[in-house]
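K.L.:
mind looking at a prediction? Sequence and model below.
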Amino acid sequence: MQLFSGFEPRRIPTTGAEIQLVIGGHGPPLLLLHGYPQTHAMWHRIAPRLAEHFTVVCSDLRGYGDSSKPPSSADHAPYSKRAMALDQVEAMQALGFRRFALAGHDRGGRVAHRLARDHPDRVERLAVLDISPTAAMYAKTDMAFATAYYHWFFLIQPYDLPERLIGADPDYYLRKKLGGWGSSLERFDRQALAEYQRCFRNPETIHATCEDYRAAAAIDLEHDAADAARKLECPVLVLWGAKGVVHRLFDPLADWRAVARDVRGRALAAGHYLAEEAPDETYAELAGFFRA
């Protein structure tokens with residue numbers, strides 16, 4: 001993909017999936033995870049700059065982009081953040097990286113949170129972009145949040161209601177998602193937007209991403225509850241958009257300090273899609289944090 005000039009595409013089999021990624025740069029390893037409804041292409045404005053200091057891996061999550069979409073189950077365990085995190089641990093191990101820095105936006109942030117919980121010896125530092133922890137966001141749900149994040153409650157409906165409705169016009173749905181949450185479609189690179197559309201038109205992607213949200217409202221909450229008394233030990237950077245829903249309805253620093261010991265961060269002048277709306281600020285924050 002021209003968006004990642006100088007990066008090498010790789011496809012890596014893991015225990016439960018095949019993970020598509022690109023890798024480039026030199027230096028200590030840094031794994032970047034994307035959110036919904038995107039792919040690793042969301043990092044295209046900052047990954048090449050980070051690659052001047054790090055060996056950067058931009059991965060498609062299980063069920064997204066060109067990674068595989070394994071069958072799900074009644075408890076949605078194949079799309080639990082635990083399963084999705086293990087994919088990334090195994091992919092990084094296959095690349096020769098046992099320990100690495102980690103950043104995740106949106107769903108990728110939730111996978112990164114679980115990865116740091118399940119595999120604390122793997123994560124040097126963790127950055128999460130425009131989220132509070134899943135359990136905290138569900139616990140604080142009110143009319144304002146349910147209205148702004150209606151998709152959290154739409155996508156968890158039983159198969160195949162959301163799949164059929166989204167599948168009737170996936171381009172429309174994708175554009176409505178990307179153009180919401182304080183963002184504007186004009187802020188997205190045309191090639192990146194075309195890549196999101198190509199991948200999201202796949203009915204398997206639509207189903208897998210619904211399963212991601214179904215798992216978040218079920219088995220993921222069970223995993224979070226089991227870990228409630230154990231805080232993350234690694235340093236955590238929290239970034240969020242000053243024009244977004246998380247900024248308006250939550251307290252990201254307080255929410256993350258409830259689950260991690262060493263937390264810092266701030267709001268950036270953007271909506272939800274920080275790496276594409278405010279690439280300079282996002283790059284500076286990530287580079288400064290991971291180089292400390």
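P.N.:
Done, it's in. Values in this document were obtained by computation on a predicted structure and should not be read as measured data. Numbering: from 1, shown residues only.
K.L.:
ok, residue 92 touching residue 57?
P.N.:
Yes: using CB atoms under 8 Å, residue 92 is in contact with residue 57, at 6.7 Å. Quick note: C-beta positions are derived from backbone N, CA and C, even for glycine.
K.L.:
between these two, which is the more surrounded one?
P.N.:
Comparing residue 92 with residue 57 by other CB atoms under 10 Å, the one with more neighbours is residue 57, at 28 against 24.
K.L.:
quick one, what contacts the more buried one?
P.N.:
By CB atoms under 8 Å, 6 or more residues apart in numbering, the residues touching residue 57 are 21, 22, 23, 29, 30, 31, 32, 91, 92, 95, 97, 100.
K.L.:
6 Å - rerun?
P.N.:
Residues counted as contacts of residue 57 (CB atoms under 6 Å, 6 or more residues apart in numbering) are 21, 23, 31.
K.L.:
average pLDDT for the host helix or strand of the first one?
P.N.:
Spelled out, that is residue 21. Taking DSSP states H and E as the definition, one finds residue 21 inside strand 18-25. Strand 18-25 comes out with an average pLDDT of 98.
K.L.:
list the pairing partners of it within its sheet, with orientation.
P.N.:
strand 8-13 (antiparallel), strand 55-59 (antiparallel) (DSSP bridges).
K.L.:
of these, which stretch is the most buried?
P.N.:
Compared across those, strand 55-59 shows the largest average neighbour count, a mean of 26 (mean count of other CB atoms under 10 Å).
K.L.:
that one: what's the following helix or strand?
P.N.:
helix 81-94.
K.L.:
what sits up against that following helix?
P.N.:
12, 14, 16-17, 19, 31, 61-62, 100, 110-111, 114-115, 118-119, 122, 220, 223.
K.L.:
return stretch 192-207 as PDB; C-alpha atoms alone will do.
P.N.:
Once non-C-alpha atoms are left out, stretch 192-207 reads as follows in PDB (Å, rounded to 0.1, in the frame of the first residue of the first chain):
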ATOM      1  CA  ALA A 192      -7.300   5.500   3.300                       C
ATOM      2  CA  LEU A 193     -11.000   5.900   3.000                       C
ATOM      3  CA  ALA A 194     -11.100   3.700  -0.100                       C
ATOM      4  CA  GLU A 195      -9.200   1.000   1.900                       C
ATOM      5  CA  TYR A 196     -11.700   1.200   4.800                       C
ATOM      6  CA  GLN A 197     -14.500   0.800   2.300                       C
ATOM      7  CA  ARG A 198     -12.900  -2.100   0.500                       C
ATOM      8  CA  CYS A 199     -12.500  -4.000   3.700                       C
ATOM      9  CA  PHE A 200     -15.900  -3.100   5.200                       C
ATOM     10  CA  ARG A 201     -17.800  -4.200   2.200                       C
ATOM     11  CA  ASN A 202     -17.000  -7.800   3.000                       C
ATOM     12  CA  PRO A 203     -19.900  -9.400   4.800                       C
ATOM     13  CA  GLU A 204     -17.500 -11.500   6.900                       C
ATOM     14  CA  THR A 205     -16.000  -8.200   8.200                       C
ATOM     15  CA  ILE A 206     -19.400  -6.900   9.100                       C
ATOM     16  CA  HIS A 207     -20.200 -10.000  11.000                       C
END
